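[1] Show me how the following folds:
(one chain, ligands or ions: 1)
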Amino acid sequence: MNILDKIVANKKKEVASAKKRTSYVELEESEYFHRETYSFKEFLLDPKRSGIIAEFKRKSPSKGIINDKVRVSAVTNGYANAGASALSVLTDRNFFMGRKADLVKARSVNTIPVLRKDFMIDEYQVIEAKSLGADIILLIAAILTPAEIDTMATLAKSIGLNVLLEVHNLEELERSIHPKLDAIGVNNRNLTDFTVSVETSYQLAKHIPAEFLKISESAISDPATIRHLKLEGFNGFLIGETFMKHADPAQAMKEFVAQL
Ligand SMILES: O=C(O)c1ccccc1NCC(=O)[C@H](O)[C@H](O)COP(=O)(O)O
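    Predicted structure coming up:
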(Lines give C-alpha, C1' and ligand atoms only; values in the text may rest on other atoms or scores of the structure.)
Protein backbone atom coordinates (compact mmCIF):
# COMPACT_ATOMS: atom_id res chain seq x y z
CA MET A 1 0.00 0.00 0.00
CA ASN A 2 1.50 3.38 -0.95
CA ILE A 3 1.26 6.41 1.37
CA LEU A 4 -1.68 7.96 -0.47
CA ASP A 5 -3.67 4.70 -0.13
CA LYS A 6 -2.82 4.65 3.60
CA ILE A 7 -3.90 8.28 4.04
CA VAL A 8 -7.20 7.62 2.23
CA ALA A 9 -7.89 4.39 4.18
CA ASN A 10 -7.33 6.27 7.44
CA LYS A 11 -9.41 9.23 6.24
CA LYS A 12 -12.41 6.96 5.58
CA LYS A 13 -12.31 5.81 9.23
CA GLU A 14 -11.86 9.38 10.48
CA VAL A 15 -14.83 10.65 8.47
CA ALA A 16 -17.03 7.76 9.63
CA SER A 17 -16.32 8.58 13.27
CA ALA A 18 -16.69 12.35 12.72
CA LYS A 19 -20.15 11.70 11.27
CA LYS A 20 -21.10 9.81 14.44
CA ARG A 21 -19.76 12.60 16.68
CA THR A 22 -21.15 15.64 14.84
CA SER A 23 -24.26 15.57 12.66
CA TYR A 24 -24.76 17.62 9.48
CA VAL A 25 -27.32 19.71 11.39
CA GLU A 26 -24.75 20.52 14.08
CA LEU A 27 -22.14 21.47 11.45
CA GLU A 28 -24.63 23.81 9.84
CA GLU A 29 -25.30 25.44 13.22
CA SER A 30 -21.72 26.76 13.32
CA GLU A 31 -21.57 30.56 12.92
CA TYR A 32 -18.89 30.14 10.26
CA PHE A 33 -21.19 27.98 8.14
CA HIS A 34 -23.26 31.07 7.35
CA ARG A 35 -20.43 33.53 6.71
CA GLU A 36 -19.70 34.96 3.28
CA THR A 37 -16.40 33.54 2.08
CA TYR A 38 -13.49 35.53 0.65
CA SER A 39 -12.93 35.25 -3.09
CA PHE A 40 -9.78 33.24 -3.84
CA LYS A 41 -9.52 34.92 -7.25
CA GLU A 42 -9.78 38.45 -5.88
CA PHE A 43 -7.01 37.92 -3.33
CA LEU A 44 -4.76 35.96 -5.68
CA LEU A 45 -4.95 38.57 -8.41
CA ASP A 46 -4.50 41.53 -6.05
CA PRO A 47 -1.21 43.09 -7.20
CA LYS A 48 -0.50 44.33 -3.66
CA ARG A 49 -0.17 40.69 -2.52
CA SER A 50 2.53 38.13 -3.28
CA GLY A 51 0.48 35.33 -4.85
CA ILE A 52 1.80 33.04 -2.12
CA ILE A 53 -0.55 30.62 -0.38
CA ALA A 54 1.39 30.17 2.83
CA GLU A 55 0.96 26.85 4.59
CA PHE A 56 0.89 25.96 8.27
CA LYS A 57 2.43 22.46 8.26
CA ARG A 58 3.93 20.82 11.37
CA LYS A 59 4.83 17.47 9.88
CA SER A 60 4.68 15.59 6.58
CA PRO A 61 5.03 11.99 5.41
CA SER A 62 8.06 12.95 3.29
CA LYS A 63 9.96 15.02 5.87
CA GLY A 64 8.72 13.93 9.32
CA ILE A 65 8.51 16.74 11.90
CA ILE A 66 9.13 20.14 10.26
CA ASN A 67 8.16 22.43 13.14
CA ASP A 68 5.94 21.56 16.09
CA LYS A 69 7.00 24.51 18.27
CA VAL A 70 5.04 27.37 16.72
CA ARG A 71 1.49 28.63 17.22
CA VAL A 72 -1.02 28.69 14.39
CA SER A 73 -2.37 32.15 15.26
CA ALA A 74 1.05 33.86 15.31
CA VAL A 75 2.31 32.11 12.17
CA THR A 76 -0.77 32.56 10.00
CA ASN A 77 -1.24 36.17 11.07
CA GLY A 78 2.44 36.80 10.38
CA TYR A 79 2.04 35.19 6.93
CA ALA A 80 -0.92 37.47 6.18
CA ASN A 81 1.09 40.53 7.26
CA ALA A 82 4.02 39.38 5.11
CA GLY A 83 1.79 39.56 2.01
CA ALA A 84 0.22 36.11 1.70
CA SER A 85 -2.68 36.01 -0.76
CA ALA A 86 -4.21 33.07 1.10
CA LEU A 87 -3.40 30.66 3.92
CA SER A 88 -3.32 26.87 3.82
CA VAL A 89 -3.96 24.97 7.04
CA LEU A 90 -3.51 21.21 7.27
CA THR A 91 -6.29 19.54 9.22
CA ASP A 92 -5.10 15.92 8.88
CA ARG A 93 -3.96 14.69 12.28
CA ASN A 94 -2.31 11.30 11.68
CA PHE A 95 0.07 12.12 8.85
CA PHE A 96 0.54 15.92 9.20
CA MET A 97 -0.07 16.61 12.91
CA GLY A 98 -2.81 19.01 11.87
CA ARG A 99 -6.04 19.74 13.74
CA LYS A 100 -9.46 20.99 12.76
CA ALA A 101 -8.99 23.49 15.61
CA ASP A 102 -5.99 24.95 13.73
CA LEU A 103 -8.30 25.97 10.91
CA VAL A 104 -10.80 27.54 13.32
CA LYS A 105 -7.94 29.45 14.97
CA ALA A 106 -6.49 30.64 11.65
CA ARG A 107 -9.95 31.81 10.56
CA SER A 108 -10.54 33.71 13.77
CA VAL A 109 -7.39 35.84 13.47
CA ASN A 110 -7.20 36.47 9.70
CA THR A 111 -9.15 38.31 7.03
CA ILE A 112 -7.76 36.59 3.93
CA PRO A 113 -8.90 33.31 2.31
CA VAL A 114 -8.06 30.08 4.14
CA LEU A 115 -7.67 26.73 2.38
CA ARG A 116 -8.63 23.59 4.26
CA LYS A 117 -5.69 21.36 3.32
CA ASP A 118 -6.88 17.79 3.74
CA PHE A 119 -7.77 14.68 1.78
CA MET A 120 -11.40 15.24 0.82
CA ILE A 121 -13.21 12.00 0.01
CA ASP A 122 -16.74 12.65 1.30
CA GLU A 123 -19.33 15.42 1.03
CA TYR A 124 -19.39 15.56 4.85
CA GLN A 125 -15.89 17.09 4.80
CA VAL A 126 -17.05 19.85 2.45
CA ILE A 127 -19.80 20.92 4.87
CA GLU A 128 -17.33 20.54 7.74
CA ALA A 129 -14.77 22.74 5.94
CA LYS A 130 -17.27 25.59 5.73
CA SER A 131 -18.30 25.13 9.37
CA LEU A 132 -14.64 25.36 10.46
CA GLY A 133 -14.19 28.68 8.65
CA ALA A 134 -12.56 27.64 5.35
CA ASP A 135 -12.94 29.64 2.15
CA ILE A 136 -11.30 27.09 -0.17
CA ILE A 137 -11.30 23.31 -0.38
CA LEU A 138 -8.78 21.09 -2.10
CA LEU A 139 -9.87 18.22 -4.33
CA ILE A 140 -7.02 15.84 -5.21
CA ALA A 141 -7.51 14.23 -8.64
CA ALA A 142 -5.35 11.23 -7.71
CA ILE A 143 -7.88 10.06 -5.10
CA LEU A 144 -11.20 11.08 -6.69
CA THR A 145 -13.24 9.94 -9.69
CA PRO A 146 -14.64 12.57 -12.08
CA ALA A 147 -18.11 11.87 -10.62
CA GLU A 148 -16.85 12.51 -7.08
CA ILE A 149 -15.19 15.75 -8.21
CA ASP A 150 -18.49 16.80 -9.80
CA THR A 151 -20.45 16.05 -6.60
CA MET A 152 -18.02 17.73 -4.22
CA ALA A 153 -17.29 20.78 -6.40
CA THR A 154 -21.01 21.35 -6.98
CA LEU A 155 -21.75 21.10 -3.26
CA ALA A 156 -18.82 23.36 -2.36
CA LYS A 157 -19.90 26.07 -4.81
CA SER A 158 -23.49 25.88 -3.55
CA ILE A 159 -22.30 26.92 -0.06
CA GLY A 160 -19.92 29.61 -1.29
CA LEU A 161 -16.61 27.74 -1.11
CA ASN A 162 -13.85 28.20 -3.69
CA VAL A 163 -12.52 24.96 -5.20
CA LEU A 164 -8.89 24.13 -5.95
CA LEU A 165 -8.28 20.94 -7.94
CA GLU A 166 -4.83 19.37 -7.54
CA VAL A 167 -3.26 17.36 -10.37
CA HIS A 168 0.14 15.82 -10.91
CA ASN A 169 0.04 14.84 -14.59
CA LEU A 170 -1.81 15.43 -17.85
CA GLU A 171 -4.01 12.36 -17.52
CA GLU A 172 -5.32 13.55 -14.12
CA LEU A 173 -5.85 17.06 -15.51
CA GLU A 174 -7.76 15.93 -18.60
CA ARG A 175 -10.06 13.54 -16.75
CA SER A 176 -10.78 15.87 -13.81
CA ILE A 177 -11.32 19.31 -15.30
CA HIS A 178 -14.77 20.65 -14.36
CA PRO A 179 -16.55 23.98 -14.89
CA LYS A 180 -17.24 24.40 -11.15
CA LEU A 181 -13.52 24.60 -10.31
CA ASP A 182 -11.91 27.96 -9.55
CA ALA A 183 -8.27 26.97 -9.67
CA ILE A 184 -6.04 24.15 -10.88
CA GLY A 185 -2.99 23.37 -8.76
CA VAL A 186 -0.08 21.44 -10.19
CA ASN A 187 1.58 19.51 -7.40
CA ASN A 188 5.32 19.34 -8.00
CA ARG A 189 5.49 16.49 -5.48
CA ASN A 190 4.63 12.99 -6.60
CA LEU A 191 2.41 11.88 -3.73
CA THR A 192 3.30 8.21 -4.06
CA ASP A 193 7.11 8.32 -4.18
CA PHE A 194 7.69 11.90 -2.85
CA THR A 195 10.02 12.92 -5.68
CA VAL A 196 9.75 16.66 -6.43
CA SER A 197 10.29 18.66 -9.61
CA VAL A 198 9.03 22.13 -10.53
CA GLU A 199 9.29 20.90 -14.16
CA THR A 200 5.86 19.33 -13.58
CA SER A 201 4.37 22.84 -13.35
CA TYR A 202 6.21 24.05 -16.46
CA GLN A 203 5.01 21.01 -18.44
CA LEU A 204 1.35 21.25 -17.43
CA ALA A 205 1.01 25.06 -17.59
CA LYS A 206 0.04 25.17 -21.27
CA HIS A 207 -2.64 22.49 -20.80
CA ILE A 208 -4.61 24.41 -18.14
CA PRO A 209 -7.48 26.32 -19.78
CA ALA A 210 -7.26 30.12 -19.35
CA GLU A 211 -10.46 30.42 -17.30
CA PHE A 212 -8.88 28.70 -14.28
CA LEU A 213 -6.42 30.26 -11.85
CA LYS A 214 -3.08 28.43 -12.12
CA ILE A 215 -1.32 27.40 -8.92
CA SER A 216 2.06 25.72 -8.52
CA GLU A 217 2.30 23.61 -5.36
CA SER A 218 5.19 22.16 -3.32
CA ALA A 219 8.99 22.25 -3.39
CA ILE A 220 9.22 26.00 -4.05
CA SER A 221 12.24 27.27 -2.12
CA ASP A 222 13.59 30.12 -4.20
CA PRO A 223 12.02 33.51 -5.14
CA ALA A 224 13.51 33.10 -8.66
CA THR A 225 11.27 30.05 -9.18
CA ILE A 226 8.22 32.22 -8.57
CA ARG A 227 9.44 34.79 -11.08
CA HIS A 228 9.81 32.02 -13.70
CA LEU A 229 6.45 30.44 -12.87
CA LYS A 230 4.74 33.83 -13.27
CA LEU A 231 6.15 34.04 -16.80
CA GLU A 232 4.44 30.69 -17.52
CA GLY A 233 1.11 32.14 -16.37
CA PHE A 234 0.97 30.90 -12.77
CA ASN A 235 -1.01 33.14 -10.38
CA GLY A 236 -0.46 31.30 -7.10
CA PHE A 237 2.34 29.48 -5.27
CA LEU A 238 1.65 27.07 -2.39
CA ILE A 239 4.60 27.04 0.00
CA GLY A 240 4.90 25.12 3.28
CA GLU A 241 8.23 23.67 4.32
CA THR A 242 10.41 26.53 3.02
CA PHE A 243 8.82 28.79 5.67
CA MET A 244 7.85 26.25 8.35
CA LYS A 245 11.38 24.83 8.76
CA HIS A 246 12.39 28.15 10.38
CA ALA A 247 11.86 29.01 14.05
CA ASP A 248 9.92 32.07 12.85
CA PRO A 249 8.08 31.00 9.65
CA ALA A 250 6.44 34.40 9.11
CA GLN A 251 9.80 36.21 9.30
CA ALA A 252 11.19 33.68 6.78
CA MET A 253 8.29 34.48 4.47
CA LYS A 254 8.85 38.23 4.88
CA GLU A 255 12.49 37.83 3.82
CA PHE A 256 11.46 35.61 0.86
CA VAL A 257 8.84 38.11 -0.34
CA ALA A 258 11.38 40.94 -0.19
CA GLN A 259 13.36 39.10 -2.91
CA LEU A 260 10.44 38.66 -5.32
O1 LIG B 1 4.30 16.98 1.94
C2 LIG B 1 4.23 15.74 1.87
O3 LIG B 1 5.14 14.98 2.24
C4 LIG B 1 2.99 15.06 1.35
C5 LIG B 1 2.94 13.68 1.29
C6 LIG B 1 1.79 13.04 0.85
C7 LIG B 1 0.69 13.77 0.47
C8 LIG B 1 0.73 15.17 0.52
C9 LIG B 1 1.87 15.81 0.94
N10 LIG B 1 1.93 17.17 1.02
C11 LIG B 1 0.83 18.04 0.84
C12 LIG B 1 1.17 19.22 0.04
O13 LIG B 1 0.60 19.35 -1.00
C14 LIG B 1 2.17 20.22 0.55
O15 LIG B 1 2.01 20.35 1.93
C16 LIG B 1 2.06 21.61 -0.05
O17 LIG B 1 1.98 21.60 -1.44
C18 LIG B 1 3.30 22.43 0.36
O19 LIG B 1 4.47 21.75 -0.04
P20 LIG B 1 5.92 22.19 0.46
O21 LIG B 1 6.10 23.64 0.15
O22 LIG B 1 6.88 21.35 -0.31
O23 LIG B 1 5.96 21.94 1.94
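
[2] so what's the closest residue to the ligand within the stretch 101-250 of the chain up against?
    For the stretch 101-250 of the chain, the residue closest to the ligand is Gly240, as judged by C-beta to the nearest ligand atom, at 2.9 Å. Every C-beta, even on glycine, is put in place using the N, C-alpha and C of the backbone. Applying C-beta atoms under 8 Å, 6 or more residues apart in numbering to Gly240 gives the contacts Ala54, Glu55, Phe56, Lys57, Ser60, Ile66, Ser88, Ser218.

[3] go again using 7 Å as the cut-off
    Glu55, Lys57 (C-beta atoms under 7 Å, 6 or more residues apart in numbering).

[4] Model confidence for it, exactly?
    If you check Gly240, the pLDDT there is 98.

[5] elements contacting the helix or strand containing Glu171?
    Assigned by DSSP states H and E, Glu171 belongs to helix 170-176. For helix 170-176, the packing partners by 3 or more C-beta pairs under 7 Å, 6 or more residues apart in numbering; DSSP states H and E come out as helix 146-158, strand 162-167.

[6] what sits up against the longest helix along the chain?
    With secondary structure taken from DSSP state H, the chain has its longest helix at helix 3-21. Defining contact as C-beta under 7 Å, 6+ apart, one finds that helix 3-21 is touched by 61, 94-95, 119, 121-122, 124-125, 128, 142-143, 191-192.

[7] Now, of these, which are buried?
    Phe95, Phe119, Ile121, Asp122, Tyr124, Gln125, Glu128, Ala142, Ile143, Leu191 (16 or more other C-beta atoms under 10 Å).

[8] Tell me the one among these nearest to Val167.
    Minimum distance to Val167 across the buried ones among the contacts of helix 3-21 is 7.9 Å, recorded for Ala142 (C-beta to C-beta).

[9] From what I see, the closest one and Arg175 are in contact.
    No: using C-beta atoms under 7 Å, Ala142 is not in contact with Arg175; the gap is 10.8 Å.

[10] Next step: the buried ones among the contacts of helix 3-21 restricted to helices.
    In this view, the buried ones among the contacts of helix 3-21 that belong to helices under DSSP H are Tyr124, Gln125, Glu128.

[11] OK, contacts around Val75?
    By C-beta under 7 Å, 6+ apart, the neighbours of Val75 are Phe56, Pro249, Ala250.

[12] could you dump these to a markdown table with secondary structure, neighbour count and pLDDT?
    Putting the contacts of Val75 into a markdown table (DSSP: H, G, I helix; E, B strand; the rest coil; neighbours: other C-beta atoms under 10 Å; pLDDT from 0 to 100) gives the following:
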| residue | secondary structure | neighbour count | pLDDT |
| --- | --- | --- | --- |
| Phe56 | strand | 28 | 98 |
| Pro249 | helix | 28 | 98 |
| Ala250 | helix | 20 | 98 |
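
[13] want to try JSON lines for the buried ones among the contacts of helix 3-21, with distance to the ligand and pLDDT as columns?
    Shown next, in JSON lines, are the buried ones among the contacts of helix 3-21 (distance: C-beta to the nearest ligand atom, whole Å; pLDDT from 0 to 100):
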{"residue": "Phe95", "distance to the ligand": "7", "pLDDT": "97"}
{"residue": "Phe119", "distance to the ligand": "8", "pLDDT": "98"}
{"residue": "Ile121", "distance to the ligand": "14", "pLDDT": "98"}
{"residue": "Asp122", "distance to the ligand": "18", "pLDDT": "98"}
{"residue": "Tyr124", "distance to the ligand": "21", "pLDDT": "98"}
{"residue": "Gln125", "distance to the ligand": "16", "pLDDT": "98"}
{"residue": "Glu128", "distance to the ligand": "19", "pLDDT": "98"}
{"residue": "Ala142", "distance to the ligand": "9", "pLDDT": "96"}
{"residue": "Ile143", "distance to the ligand": "10", "pLDDT": "97"}
{"residue": "Leu191", "distance to the ligand": "4", "pLDDT": "86"}
